[in-house]
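Chemist: What would the 3D arrangement of this be:
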Amino acid sequence: MKPKTYDHSSNRMPPNPEREVERVFDFIVCGAGSSGSVIAARLAQDGKASVLLIEAGGTDAAETVSDPQQWPLNLGSSRDWGFVGEPAAGLNGRRLPLSMGKGLGGGSSINVMVWARGHKADWDYFAAEAGDEAWGYQSVLGYYRRIENWQGRPDPLRRGVNGPAYVAQPHAPQPVAQALLRAASMLGIPVYDTPNGEMMEGPGGASIAELRIRDGKRESLFDSYMRPLLSQPNLTVLTETLVSRLVFDGKRVTGVEVLSGNGVDRFAARCETILSMGAIQTPKVLMQSGIGPEEELRAHAIPVVQHLPGVGRNHQDHLAFGCTWAYRQPEAIGGSGCEAKLYWRSHSHLEQPDILQCQLEFPVPSPLETGLSVPDHGWTMFNGLAQPKSRGRLRLSGADPADRILIEPNALSEPEDMAAALAAVELCRDLGNSNAFSALVSGETAPGPGDKTALQAFIRNSAVTYWHQSCTAKMGRDAMSVVDGELRVYGIDGLRIADSSIMPRITTGNSMAPCVVIGERAADLLLARHGLAEVGEPVSRSG
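Modeler: Numbers count the residues shown, from 1 in each chain. Below is the predicted model:
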């Protein structure tokens, strides 16, 4: 068998690679997304360890990837896993499309490119759950200083300038983005220079967004971390190769079984295997390999290797409710279409934001169930829950890799979420209908005026997601935890998980940046464990 290897010189996948892929590596990293790309690069960068990075999707060579304004065209394409949730009672029986990036760069190759680092309280919660201050906010600031190539105002405490990840605010935000900041100020919401500094250490605020766009082009995490290393002989990247199962020797993972166009194959890891396939595929592979809730595995005649009841549980995502206004006349779209962010509280007693708002500079159609039409030209506040209380779960439909995973989001099942959603929509309407927007918009098209019952109906019928699925193999120390503070799977040797699934709870804001921190933390732990580098030793590559 000759799996497809990545041709770094032409950015294409050659049909007949010139060399056979080795069967044994020091490390196998499964998934080339926002965490996996980081881990593979850090493990391979000094040339001492052989690293295999396996990606189920294809290359990132497409205009819909490189052009940040075309990101919506990737949804439902071959670059999207195309997951769909099971009917949710809280959504009046609707099934949510749950897009997730598939291909080199993962979500960072098809998302809105917003760089949102999470709230101080999120990271301190991670540290408390893990019992390790290395996950706490002060430690995470060190990771961000390592990661970032920040183009804005210097902040030596919070920002880095020599890291691999280019981060910048738009040079000339569109008028609608500036209007949001004025509207927020009118309502007493503080306005900050950046959404990733002091603003995320308190109750929140509004700011021009930070984006991963350089010279008008998307820069994925694969671009930032992996592309400079692709010529190294110790690094192998396979695309269009699905990790189907883990391979065991007793309770030690010794490698993976994969499926590609050439059939079934196996690769072995001398040191460790790392799952970074995201909050859906990672728990699916765990369960189909025999790691998960015993009753779930036995129902599909899967031999139990390790009973871990938390695998596939604790599913979380950011719900959004699109509030839309019609423009008086067409307006330009800047960046990826998202140039302003707002985080705020549904109640004054809260110490951190529970409302998340991303302003989109184009009108987003509401689901058909709302009965609302979209204007030809307008803008939408992608407005929703930053800290949802509802929890979902994943279930298997069968033991075969081709059997789909059943995703039960359980959205809006907790009354606190409906209360926060009502506050979020009311805040959004106060912002969009303020004088700050009067010169730009002719009127509100969604949800429009209505009493509490009407707004609740709008919320249940309009809710979609930010595609920030997470928390399904959480880090912690209780019976439902799947990994410990060093990301090792409980009861299993030679296996770690490093992606959004390990979050004990979802972070405040878009999830790309926290996934990079998870990748960096995992790489530090692996390098230290196997004597390849000093813990925390950063390798700086400025843009």
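Chemist: Does residue 502 touch residue 473 like I think?
Modeler: Yes: the pair residue 502 and residue 473 passes the contact test of CB atoms under 8 Å, sitting 5.9 Å apart. Bear in mind the C-beta positions are built from the backbone N, C-alpha and C, glycine included.
Chemist: Overlap in contacts, the two.
Modeler: Taking CB atoms under 8 Å, 6 or more residues apart in numbering as the criterion, residue 502 and residue 473 both touch 482-483.
Chemist: so where's the stretch 201-350 of the chain shaky on pLDDT?
Modeler: Within the stretch 201-350 of the chain, no range satisfies pLDDT under 70.
Chemist: Please enumerate the helices of it.
Modeler: Assigned by DSSP state H, counting those that start in this stretch, the stretch 201-350 of the chain shows helices spanning 221, 278-288, 294-298.
Chemist: For these, state which one has the densest average packing.
Modeler: helix 221 (a mean of 30; mean count of other CB atoms under 10 Å).
Chemist: Show me what counts as buried in stretch 180-198.
Modeler: 180-181, 183-184, 189, 191-192, 194-197 (16 or more other CB atoms under 10 Å).
Chemist: Run through the residues that contact residue 379.
Modeler: Taking CB under 8 Å, 6+ apart, one finds 176, 324-325, 327, 331, 359-363, 441 in contact with residue 379.
Chemist: Now do the contacts for the residue nearest to residue 330 when sequence neighbours are not counted.
Modeler: Leaving aside its sequence neighbours, residue 330 sits nearest to residue 377 (CB to CB, 6 or more residues apart in numbering; 4.5 Å). Residue 377 sits next to 326-327, 329-331, 363 when contact means CB under 8 Å, 6+ apart.
Chemist: Mind checking which of the contacts of residue 379 are in strands?
Modeler: Among the contacts of residue 379, the members found in strands (DSSP state E) are 324-325, 327, 359-360, 441.
Chemist: Nearest to residue 210 among the contacts of residue 379?
Modeler: Using CB to CB, residue 359 comes nearest to residue 210 of those, at 13.7 Å.
Chemist: which residue packs closest to the closest one, ignoring adjacent ones?
Modeler: residue 340 (4.3 Å).
Chemist: neighbours around the one you found, how many?
Modeler: 28 (other CB atoms under 10 Å).
Chemist: distance of it from residue 193?
Modeler: For residue 340, the distance to residue 193 equals 13 Å [CB to CB, to the nearest Å].
Chemist: who touches both of these two?
Modeler: Joint contacts of residue 340 and residue 193 (CB under 8 Å, 6+ apart) are residue 207.
Chemist: Check the gap between residue 437 and residue 382 for me.
Modeler: Residue 437 sits 16 Å away from residue 382, going by CB to CB.
Chemist: Neighbours of residue 37, how many?
Modeler: Count around residue 37 with other CB under 10 Å applied: 32.
Chemist: Tell me who's in contact with it.
Modeler: 53, 104-106, 108, 220-222, 224-226, 519.
Chemist: hmm, try it at 6 Å
Modeler: 221-222, 225-226 (CB atoms under 6 Å, 6 or more residues apart in numbering).
Chemist: how about the helices of this structure, start to end?
Modeler: 36-44, 63-66, 120-130, 137-147, 175-186, 221, 278-288, 294-298, 415-432, 452-462, 512-529 (DSSP state H).
Chemist: okay if I get these as TSV plus distance to residue 74?
Modeler: Shown next, in TSV, are these (distance: least, CB to CB, whole Å):
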stretch	distance to residue 74
helix 36-44	17
helix 63-66	5
helix 120-130	27
helix 137-147	24
helix 175-186	23
helix 221	16
helix 278-288	15
helix 294-298	32
helix 415-432	26
helix 452-462	22
helix 512-529	15
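Chemist: Any idea which of the ones you listed gets closest to residue 29?
Modeler: helix 36-44 (4.4 Å).
Chemist: Is residue 97 bridged to anything, and to what?
Modeler: Using DSSP bridges, the bridge partners assigned to residue 97 are residue 84.
Chemist: Give me the distance between it and residue 466.
Modeler: Residue 97 is 12 Å from residue 466, by CB to CB.
Chemist: So between these two, which is more surrounded?
Modeler: Taking other CB under 10 Å, residue 97 and residue 466 do not tie; residue 466 has more neighbours (23 against 16).
Chemist: Settle this for me: the more buried one is touching residue 318, isn't it.
Modeler: Yes: here residue 466 lies in contact with residue 318, judged by CB atoms under 6 Å, at a distance of 4.0 Å.
Chemist: And the strands in the stretch 251-400 of the chain?
Modeler: Assigned by DSSP state E, counting those that start in this stretch, the stretch 251-400 of the chain shows strands spanning 252-260, 263-275, 291-292, 306-307, 313-315, 319-327, 338-344, 355-360, 378-385, 392-396.
Chemist: any residues touching the last one, and which ones?
Modeler: Taking contacts as CB under 6 Å, 6+ apart, the residues outside strand 392-396 that touch it are 283, 287, 300, 312-313, 315, 405-410, 472.
Chemist: rerun at 10 Å
Modeler: Residues outside strand 392-396 that contact it (CB atoms under 10 Å, 6 or more residues apart in numbering): 83, 85-86, 88, 279-280, 282-284, 287-288, 292-293, 296-297, 299-300, 302, 311-317, 403-411, 413, 469, 471-473, 501.
Chemist: Spell out for me the PyMOL command that would select the buried members of the residues you listed.
Modeler: Only the buried entries of these go into this PyMOL selection, using 16+ other CB under 10 Å:
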select buried, resi 83+85+86+88+279+280+282+283+284+287+288+292+293+296+297+302+311+312+313+314+315+316+317+405+406+407+408+409+410+411+413+469+471+472+473+501
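Chemist: just to revisit the earlier point, okay but the residue nearest to residue 359 is in contact with residue 178, surely?
Modeler: Yes: taking contacts as CB atoms under 10 Å, residue 340 lies within contact range of residue 178: 8.0 Å.
Chemist: overlap in contacts of these two?
Modeler: The contact lists of residue 340 and residue 178 share residue 208, where a contact means CB under 10 Å, 6+ apart.
Chemist: list the contacts for the closest residue to residue 187 other than its chain neighbours?
Modeler: Excluding its sequence neighbours, the residue lying closest to residue 187 (CB to CB, 6+ apart) is residue 430, at 6.1 Å. Residue 430 is in contact with 183-184, 186-187, counting by CB under 10 Å, 6+ apart.
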